[in-house]
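> pasting the sequence and the predicted coordinates here, then a few questions.
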2 protein chains.
Amino acid sequence: MKEGPDIAHVAALIGDPARANILTALMSGKALTATELACEAGIAAPTVSGHVRKLMGGGLILGCSQGRHRYFQLAGPHVANLLEVMMGFAAAQGYLRTRPGPRDPALRAARVCYRHLAGEAGVRMYDSLMGRGFLALAPDGLSLTTQGEDFLVSCGLDLTGVNKARPPLCRNCLDWSERRFHLGGSLGRGLMDFIFQKGWATQLPRSRVVHFTQKGRRTFEKMFPL
Amino acid sequence: MKEGPDIAHVAALIGDPARANILTALMSGKALTATELACEAGIAAPTVSGHVRKLMGGGLILGCSQGRHRYFQLAGPHVANLLEVMMGFAAAQGYLRTRPGPRDPALRAARVCYRHLAGEAGVRMYDSLMGRGFLALAPDGLSLTTQGEDFLVSCGLDLTGVNKARPPLCRNCLDWSERRFHLGGSLGRGLMDFIFQKGWATQLPRSRVVHFTQKGRRTFEKMFPL
DNA sequence: AGAACGCTTTGTTCTGCACCAAAATATGCC
DNA sequence: GGCATATTTTGGTGCAGAACAAAGCGTTCT
């Protein structure tokens, strides 16, 4: 006994329904204020305050004050990754939230995972890039090939900006609904931003659902054929 | 809100210290009786009984009765994987168990992760196999190459037995202490068994620590050079 | 300056649950 | 059959912590 890391502490932090709701809400990648979180989790403001303090203590989220607002966000992609693994497990066990919400199919179709594209659209993008040799899988991680660079630049993506962002550039991120990988890392974030900037899709308010326009979806599928 | 899987339920299950101890003990891959678990987790037998019932309800462990004993084990490698990810996170946050035990360095050197080799020795084996082209990383998972098959057979491993075991054959498993991948899946289990059968190493009682003999370590390092 | 807003602290209530003792049930051994 | 061992059920105790109301700070707007 008494071997290894203390998983009970972290798990207990995630294990409270209210805190789990807060974390799920933050999976959108957006920084939210305390009142927004209160609304999201269905609890009063003081209760949120107590919870975020604990979550910060556990290194799961970060808070920064701006004026009279205080924004909270996940502490990083590693937290998002942990949550996705847990979601994958819970989904596999059939522990979907009490009565899957009306947006559930939309959520499976396309959603934002921390800050990159997930769901069917996410794995499609990943598979397309991989299938054309634009991404390469090495033992030490995922990487963008030179052909991949050329392709993305030719599409109008600002690669220099992406390269300057926080590494790693590419990251395998396990998708809970598809049970396959999609693209994370700064390139994943860059491509998500690209899609929003092009107006192909928008993110529904107070939700992780990514809604493609009809035209946007067509263009997206042309850019990432299977 | 009310989107996606219910992570709170699973997390709460893992979040109780006693249950976390039970799960950690079962990470050895061995099936343990209720009384053994009671000793391991430092609680009374009736308390264990309540806990295992909940863990079974959550799909985390399985129980099977044999005579007047009842053995419990993890529900599968996916559970072990989830736990390893949580351990990785907890370790990264510095949440090591209150005062790292005396066996902590040994645990990092070589331990059993569910049923395969983890720790420094585990990633060494993985890197060695990968570096010589015996394992191949594909988008749809890890696979054993034909050269890899030849090599393992020439070493005396019973590949037909391994192939008959529950798939997948190869699996990436993230190592919490090394923060890199080691080999899971039925091949990972087969290699662990192989090492024990050859007498290169033994598993310390009531522990996940794998102790190599001096000679065993030399032979192991010769079989898996870097 | 005063009012309005956003968040946190304090204090209190209350539910949930981990825990064990004792009794009940099940299995194996002689 | 009767005793020993292993596990589960039942019942009761006690504590941890989740929740909110009310009050306390701090910032912004007019």
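Ah, there it is. Numbers count the residues shown, from 1 in each chain, chains lettered A, B, ... in the order given.

> ok, the residue nearest the centre of chain A - contacts?
Nearest residue to the geometric centre of chain A (CA atoms, centre = their mean): A:Cys113, 1.5 Å. For A:Cys113, the contacting residues are A:Met27, A:Gly29, A:Ala80, A:Glu84, A:Gly122, A:Cys173, A:Asp175, A:His182, A:Gly184, A:Arg208, by CB atoms under 8 Å, 6 or more residues apart in numbering or on different chains. Yep, even glycine has a C-beta here, placed from its N, CA and C like the rest.

> show me which of those is closest to DNA strand C.
Checking these against DNA strand C with CB to the nearest atom of the strand, the nearest one is A:Gly29 at 17.9 Å.

> compute the first-to-last residue distance for stretch A:161-175.
26 Å (CA to CA, to the nearest Å).

> chain A against DNA strand D: which residues are in contact?
Residues of chain A found near DNA strand D (CB under 7 Å from any atom of the strand) are A:Asp16, A:Pro17, A:Ala18, A:Ile43, A:Ala44, A:Pro46, A:Thr47, A:Gly50, A:His51, A:Lys54, A:Gly67, A:Arg68.

> what helices and strands are in contact with the helix or strand A:Met130 falls within?
Using DSSP states H and E, A:Met130 falls within helix A:120-131. Counting contacts by 3 or more CB pairs under 8 Å, 6 or more residues apart in numbering or on different chains; DSSP states H and E, helix A:120-131 packs against helix A:104-109, strand A:135-138, strand A:181-184, helix A:214-223.

> most tightly packed of the ones you listed?
With neighbours taken as mean count of other CB atoms under 10 Å in any protein chain shown, the helices and strands packed on helix A:120-131 reach their highest mean count in strand A:181-184, at a mean of 25.

> does that one come close to chain B?
Yes - judged by CB under 8 Å from any CB of the partner chain, strand A:181-184 and chain B are in contact via A:Phe181.

> the top helix by length along chain A close to chain B?
Assignment by DSSP state H gives helix A:77-92 as the longest helix of chain A. Yes - judged by CB under 8 Å from any CB, helix A:77-92 comes into contact with chain B at A:78-79, A:81-83, A:85-92.

> now swap in stretch A:159-179 and tell me
Yes - if you take CB under 8 Å from any CB as the test, stretch A:159-179 does meet chain B, through A:Trp176.

> ok, A:Leu83 touching A:Thr24?
Yes - using CB atoms under 8 Å, A:Leu83 makes contact with A:Thr24 at a distance of 7.5 Å.

> tell me the residues that contact both of those two, please.
Common neighbours of A:Leu83 and A:Thr24 (CB under 8 Å, 6+ apart) are B:Ile7.

> what is the neighbour count of A:Asp150?
By other CB atoms under 10 Å in any protein chain shown, 12 other residues sit near A:Asp150.

> which of the helices or strands spans it?
Following DSSP H and E, one finds A:Asp150 within helix A:146-155.

> angle of that helix against helix A:214-223?
Relative orientation of helix A:146-155 versus helix A:214-223 (axes from the mean of the first three to the mean of the last three CA atoms, to 10 degrees): 150 degrees.

> contacting residues around the helix or strand that helix A:146-155 is followed by?
Per DSSP H and E, the first helix or strand lying C-terminal to helix A:146-155 is helix A:159-164. The contact list for helix A:159-164 (CB under 8 Å, 6+ apart) reads A:Glu149, A:Leu152, A:Val153, A:Leu169, A:Ser186, A:Leu187, A:Arg189, A:Gly190.

> make it 6 Å
With CB atoms under 6 Å, 6 or more residues apart in numbering or on different chains as the test, helix A:159-164 has contacts from A:Leu152, A:Val153, A:Ser186, A:Leu187, A:Gly190.

> and A:Gly133, how many residues sit next to it?
Neighbourhood size, A:Gly133 [other CB under 10 Å]: 11.

> ok, A:Val85 next?
Burial measure for A:Val85: 22 neighbouring residues, criterion other CB under 10 Å.

> shouldn't it be in contact with B:Leu83?
No - if you go by CB atoms under 6 Å, A:Val85 and B:Leu83 don't touch, sitting 10.3 Å apart.

> thought A:Phe224 was touching A:Val123?
No - the criterion here is CB under 6 Å, and A:Phe224 misses it with A:Val123 at 10.4 Å.

> pLDDT wise, what is A:Asp104 at?
With respect to pLDDT, A:Asp104 scores 66.

> likewise for the one 5 residues further on?
Predicted confidence (pLDDT) at A:Ala109: the value is 87.

> residue contacts, it?
Taking CB under 6 Å, 6+ apart, we find A:Ala109 in contact with A:Gly119, A:Glu120.

> repeat for the one 5 residues further on
With contact taken as CB under 6 Å, 6+ apart, A:Tyr114 is in contact with A:Gly29, A:Pro77, A:Ala80.

> make it 10 Å
Residues near A:Tyr114 by CB atoms under 10 Å, 6 or more residues apart in numbering or on different chains: A:26-30, A:73-74, A:76-77, A:79-81, A:83-84, A:173, A:184, A:188-189, A:192, A:208.

> buried by neighbour count, from the residues you listed: which ones?
The neighbour-count test (16 or more other CB atoms under 10 Å in any protein chain shown) applied to those identifies A:26-30, A:73-74, A:77, A:79-81, A:83-84, A:173, A:184, A:188-189, A:192, A:208 as buried.
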